[in-house]
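> Sharing a model prediction with you, sequence too.
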Amino acid sequence: AQKITQTQPGMFVQEKEAVTLDCTYDTSDPSYGLFWYKQPSSGEMIFLIYQGSYDQQNATEGRYSLNFQKARKSANLVISASQLGDSAMYFCAMREGRYSGGGADGLTFGKGTHLIIQP
Amino acid sequence: DTGVSQDPRHKITKRGQNVTFRCDPISEHNRLYWYRQTLGQGPEFLTYFQNEAQLEKSRLLSDRFSAERPKGSFSTLEIQRTEQGDSAMYLCASSELAGVPEQYFGPGTRLTVT
């Protein structure tokens, strides 16, 4: 089973609209972290936002917020007031704790969503 | 703080040759990671160092791959007897030992094996 599932291969959104990128995850570990990264066409992975499994509140960073629904195992990224520069690949990733043998701290990534912002 | 740097940015090699990539992490970052990304996929974890110790290796890291971080600063990833299937983007990331968990990525080295 996929540990990180991103069901939207591509999305087209009008500039200034809000965007929700879906991410569901699968783990039996009680301790884990969820990350979102942006990868523009230049190729560099840019960290956007982080949510820990024990965090009580949803994470926010500027125009980015993470809609964390623990019972549903979902961690959707919300981008408010989208801009042309938001066009990129977006990856959801998870770091599991040591209970599941994930002690490496290496991230497990989904396949990504290609977001295109249209003027 | 200049970020994570990688060298070279691009490498074209013939099948069977050995290649070596270098990664310089953000200064004072104790943890260093190597990932591989193929077209249309997310990055896949290869290996991880805490200071100079290699603490974990993925099953993706075959015997032809070796990574070092001799002084706990820069790291090298060597691929011996390259195969066409090794063609990919090789990404390096670094993070602090404690506190913020995010990993900061370098620009990557794109390897093409002909």
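Thanks, I have it.
> List the buried residues for stretch A:17-25?
By neighbour count with 16 or more other Cβ atoms under 10 Å in any protein chain shown, stretch A:17-25 contains the buried residues A:19, A:21-25. C-beta here means a position set from N, CA and C on the backbone, and glycine is covered the same way.
> cool, and stretch A:47-67?
So stretch A:47-67, judged by 16+ other Cβ under 10 Å, has buried residues A:47-51, A:53, A:59, A:64-67.
> Repeat that for stretch B:22-34.
B:23-26, B:29, B:31-34.
> sec struct for residue A:85, please.
helix (DSSP: H, G, I helix; E, B strand; the rest coil).
> Return the set of residues that bridge with the residue nearest to it when sequence neighbours are not counted.
Of all residues not flanking residue A:85 in the chain, residue A:117 sits nearest, at 7.9 Å (Cβ to Cβ, 6 or more residues apart in numbering or on different chains). On the basis of DSSP bridges, residue A:117 is bridged to residue A:13.
> How about the secondary structure of residue B:85?
helix.
> quick one: contacts for it?
residue B:113 (Cβ atoms under 8 Å, 6 or more residues apart in numbering or on different chains).
> got it, and residue A:82?
So residue A:82 contacts A:13-19, A:117 (Cβ under 8 Å, 6+ apart).
> gap between the spatially most central residue of chain B and chain A?
Taking Cα atoms, centre = their mean, the centroid of chain B lies closest to residue B:34, which sits 3.3 Å from it. For residue B:34, the distance to chain A (Cβ to the nearest Cβ, to the nearest Å) stands at 9 Å.
> Okay, the residue lying closest to residue B:12 once chain neighbours are set aside and residue B:10: tell me how far apart.
Leaving out its chain neighbours, the residue that sits closest to residue B:12 by Cβ to Cβ, 6+ apart is residue B:112, at 4.7 Å. Distance of residue B:112 to residue B:10, given as Cβ to Cβ, to the nearest Å: 8 Å.
> what sits in contact with each of these two?
Joint contacts of residue B:112 and residue B:10 (Cβ under 8 Å, 6+ apart) do not exist.
> Neighbour count: these two, which is higher?
Neighbours per residue (other Cβ atoms under 10 Å in any protein chain shown) separate residue B:112 from residue B:10, with residue B:112 holding more: 13 against 10.
> Contact partners for that one?
Under the criterion of Cβ under 8 Å, 6+ apart, the neighbours of residue B:112 are B:10-13, B:87.
> Export the buried residues of stretch A:47-67 as CSV, with columns for distance to chain B, secondary structure and pLDDT.
Supplementary listing: the buried residues of stretch A:47-67 in CSV, determined by distance: Cβ to the nearest Cβ, whole Å; DSSP: H, G, I helix; E, B strand; the rest coil; pLDDT from 0 to 100:
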residue, distance to chain B, secondary structure, pLDDT
A:47, 5, strand, 94
A:48, 9, strand, 96
A:49, 9, strand, 95
A:50, 6, strand, 92
A:51, 10, strand, 93
A:53, 12, coil, 90
A:59, 11, coil, 94
A:64, 13, strand, 97
A:65, 16, strand, 97
A:66, 13, strand, 97
A:67, 19, strand, 96
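> I'd like to know how many residues surround the residue nearest to residue A:85.
Counted with other Cβ under 10 Å, residue A:117 comes out at 20.
> Can you name the residues bridging to residue B:22?
For residue B:22, the beta-bridge partners under DSSP bridges are residue B:7, residue B:76.
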